[in-house]
Each structure stands twice: as C-alpha cells, then as structure tokens.
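*Asks:* test case, fold it:
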Amino acid sequence: MNFVCDKKKYTCSKCPNHSFIEINDRVIYNHLKGDERISLFLDKDFVEKMDKEIKSAGFKSRNDFVVYAVNSYFADKLLSDDNEKLAKEIAMASEEQQKRISKGLFRYAVELELIMKILAEEKHFSKDRLEEMRKEAINNVRRTRGKVRLDDLFERKDYKSL
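*Replies:* Prediction:
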C-alpha cells in the first residue's frame with residue numbers, strides 16, 4: 001500500500017500534508033448541531049446533472065439536496081421493507097370501516113322497513129301511485145344529494161298526496 005504520508009517519519013498531528021477547513025460560524029454551528037462533515041467523490045457529469053436539479057428544484061445547496069435525497073431513499077426503503085405490514089394495517093382499517101358502514105346501513109334499512117309497514121297499514125296505494133311516488137323520491141334524493149329530511153317533505157306540502 002502506498003500512503004500519501006510517510007507514517008514512519010511523522011505522526012498525523014505533525015504531518016505537513018494535512019489541511020484543515022476554515023473555522024467560521026457555519027462550521028461551529030454545524031459542529032454544535034451534531035452535523036458531521038464528509039467528502040464525496042462524484043463523477044463530473046453526475047455533479048453537473050445534480051447542480052441543474054438543485055437549481056430547478058429550489059434547493060439552497062448541494063448539501064440540502066443530498067440530505068433530501070438520502071432521507072427520501074431511507075423513507076422509500078423503510079416503506080418497501082414494511083410494505084406487507086402497511087398493507088395489513090390498511091386492510092384491517094378498511095375492514096373495520098366496512099363493518100361500521102354495514103351496521104349503519106342495516107339500522108337504516110330496519111327503520112325504513114318500519115316506516116314502510118306503518119304507511120302500508122295506514123294507507124293503501126295503487127301500484128301506479130307507488131311508482132309515481134318512487135320517481136319523485138328518486139328525484140328528491142338526487143336534487144338534495146341524499147340529504148333528505150322529513151320536515152322538508154312537509155314544507156313542500158308533498159304529504160297531502162299521501
């Protein structure tokens with residue numbers, strides 16, 4: 001192995017080949033924040049492409065861009081590693097929601113059946129009249145986007161036809 005420095009001649013602290021970065025406020029701030037300085041050796045074409053992307057994406061520096069890229073990579077990796085777990089959690093949540101909706105629809109259907117029985121015992125309608133009322137109901141549900149209310153029926157005076 002060839003070393004730049006002659007390890008037999010100098011200790012690292014006395015080596016004439018070492019160089020230090022300039023100490024300034026940013027270096028001190030990053031040190032206190034816990035950031036670690038590393039060097040990357042990248043292909044020149046890659047750096048040019050990266051610099052174009054940095055400008056177009058609005059990053060302030062290469063550092064910001066690399067930190068974002070690495071964080072995105074780790075996030076994607078974690079998601080792909082936990083993909084099965086995530087899919088199971090989503091399926092369980094969907095199943096629970098489906099049960100709640102089904103229970104609500106069942107209760108609604110019971111109440112609707114009760115109302116229909118009460119009306120059937122009180123009034124006798126011809127098939128034509130029932131079909132006419134069904135068409136009106138469909139139009140009213142569409143018009144109100146499903147937000148039908150009994151008091152609205154009385155305000156429209158539609159109950160007189162019953």
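*Asks:* does the residue in the chain sticking out farthest from the centre sit in a helix, a strand or a coil?
*Replies:* The outermost residue of the chain relative to its centre, with distances by Cα atoms, centre = their mean, is Lys9 at 59.8 Å. Three-state assignment for Lys9 (DSSP: H, G, I helix; E, B strand; the rest coil): coil.
*Asks:* likewise for His124?
*Replies:* The assignment at His124 comes out as coil when based on three-state DSSP.
*Asks:* which residues touch Asn63?
*Replies:* For Asn63, the contact set (Cβ atoms under 8 Å, 6 or more residues apart in numbering) is empty. Bear in mind the C-beta positions are built from the backbone N, C-alpha and C, glycine included.
*Asks:* export stretch 11-20 to CSV, keeping only CA atoms.
*Replies:* Extracted in CSV, the C-alpha atoms of stretch 11-20 (Å, rounded to 0.1, in the frame of the first residue of the first chain):
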residue,chain,number,x,y,z
THR,A,11,2.7,11.5,13.4
CYS,A,12,-0.6,12.6,11.9
SER,A,13,-0.7,15.8,14.0
LYS,A,14,2.8,16.8,12.7
CYS,A,15,2.3,15.7,9.0
PRO,A,16,3.0,18.5,6.5
ASN,A,17,0.3,17.1,4.2
HIS,A,18,-2.7,17.6,6.4
SER,A,19,-5.0,20.5,5.8
PHE,A,20,-7.9,21.9,7.9
